[in-house]
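Chemist: curious how this folds, go ahead:
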Amino acid sequence: MNNLFVIGIFLAFFLVVLLFSKKNKTMPDIILGVWMFVIGIHLIGYFIYNLGYWEKYPHLTGISHPIPLLHGPLLYLYVSFSLRKEQHLLLKDYIHFIPFAVCYLGMIPFFMYPAEQKLMVNHQEISNYSIFMTVSLIAFIASGIVYPTMAYRLIGKFEKLIKNNFSFDEKISLSWLRYCIWGLAGVFATVLLFSIIQNFAQLSFNPDFIYYSEIILFIFFLGFYGIRHEGIFTETKTTKSVIVDETPKPSGYKKSGLKDTEAEKLHQQLLQLMTDKKPYLEPKLSLATLANELDISVNYLSQIINQYQNKNFYDFVNEYRVEEFKNRILLPKNRNLNILAVALDAGFNSKSSFNMVFKKHVGKTPSEFMAKNHQ
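Modeler: I've put the predicted structure just below:
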């Protein structure tokens, strides 16, 4: 078991180095790096406890006790900064760390205890901190429920943002983070479950090993996907300050400043551009890039697509790609070509997104479509 802790600690700090040395790192990368560091410290705290060093060196006791109050806020801030334009910590962001600070402040008297008295508290021979420990446990579990719930709600908004601004979602999608949220919630749920069980029965094993094994698995998953993830608000020319936050409601178009005649004209120009220049063949086409081609604002382009096409930017562009694929694959000279190769030439940049989009727009999988049309 100790070897598993060593691996988890090493991996956590290795990911910290990778994230902080990453080129063009964003605020989400920094937050994830801090989170990996916190998890590493958390694992070290339990590791030295498990080795019996708290008994030998009682002054180490309790130093990692409030750390579980950091996991929920860091998860939430990671998702939040992946979504919002403001890439600097604001005063409101620091509020999430108040419970952690309060917990440490509440432990100051304990930290001042002499070594012998700390050992008596650890062995429950002194119950001064029994209420504090109970309140801490409730706070840990509440944090593990509230913050994953808040983060989960943010992901829905994030995915809507992607559909309004990008024709692809590889590497900028946070769908994988849903599993991370469930994973973190699962760790806290396990703590809650065994805490309840221990009130009614004596366990024959130490449940701490289950909690920390889950945390180590969590590091593997979060680290792998977190390194690959690219935020949609990275400081690049194509995304900086040109993101449409949300799809406006039809009633909001009246206040946009774009007259109906002008909107209709721009709509025709858009359709002509899509037919003549085929910008959708660019796998990473964004709303900003297409708006630049038409020399209009991203807000006007978003309005035109939603008002006249009744769909978001993602569906609008990928519908053209599906038709391009169908036209190319049905040509006699292309019948022997690999389906994925033709899909990539049509503007898609991954097999998974191609299959999903094709099934959505055609109602059949690419293979079913091919079988029907090549009989």
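Chemist: what's the following helix or strand after the helix or strand that I48 is a member of?
Modeler: Per DSSP states H and E: I48 is located in helix 27-50. Along the chain past helix 27-50, the next helix or strand (assigned with DSSP H and E) turns out to be helix 53-56.
Chemist: which SSE is immediately downstream of that following helix?
Modeler: Heading C-terminal from helix 53-56, the first helix or strand you meet, by DSSP H and E, is helix 68-83.
Chemist: counting by contacts, list what that next one packs against.
Modeler: Helices and strands touching helix 68-83, as assessed by 3 or more Cβ pairs under 8 Å, 6 or more residues apart in numbering; DSSP states H and E, comprise helix 27-50, helix 98-106, helix 130-165, helix 175-200. All C-beta spots, glycine's among them, are computed from the backbone N, C-alpha and C.
Chemist: so who does V342 touch?
Modeler: Applying Cβ atoms under 8 Å, 6 or more residues apart in numbering, we find V342 in contact with 325, 328-329, 334.
Chemist: between those residues, which is nearest M274?
Modeler: Sorting the contacts of V342 by distance to M274 puts F325 at the head of the list, at 15.0 Å, by Cβ to Cβ.
Chemist: nearest spatial neighbour of that closest one, chain-adjacent residues omitted?
Modeler: Nearest-residue entry for F325: A346, 4.1 Å, with adjacent residues in sequence omitted and distances by Cβ to Cβ, 6 or more residues apart in numbering.
Chemist: one step back: figure out which of the helices and strands packed on helix 68-83 is closest to L294.
Modeler: Put simply, out of those the one that sits nearest L294 is helix 130-165, at 15.4 Å, with distance taken as Cβ to Cβ.
Chemist: avg pLDDT for that closest one?
Modeler: For helix 130-165, the mean per-residue pLDDT is 86.
Chemist: before we move on, what about stretch 288-300?
Modeler: Averaging pLDDT along stretch 288-300 gives 92.
Chemist: run the chain-centre distance for it.
Modeler: From the chain centre to the centre of stretch 288-300 is a distance of 28 Å (Cα atoms, centre = their mean, to the nearest Å).
Chemist: okay, how far is it across that stretch, tip to tip?
Modeler: Separation of the first and last residues of stretch 288-300 by Cα to Cα, to the nearest Å is 11 Å.
Chemist: and K23, how many neighbours?
Modeler: For K23, the neighbour count with other Cβ atoms under 10 Å is 4.
Chemist: the one 10 residues further on too?
Modeler: Other residues near G33 number 20, with proximity taken as other Cβ under 10 Å.
Chemist: distance check, the residue nearest to it when sequence neighbours are not counted against C103.
Modeler: By the measure of Cβ to Cβ, 6+ apart, the closest residue to G33 outside its immediate chain neighbours is L19, 3.7 Å from it. Counting by Cβ to Cβ, to the nearest Å, the separation of L19 from C103 is 26 Å.
Chemist: neighbour count winner among those two?
Modeler: Residue environment comparison for L19 versus C103 gives the larger neighbour count to L19, 22 against 19, counting by other Cβ under 10 Å.
Chemist: please consider this matter closed, and thank you.
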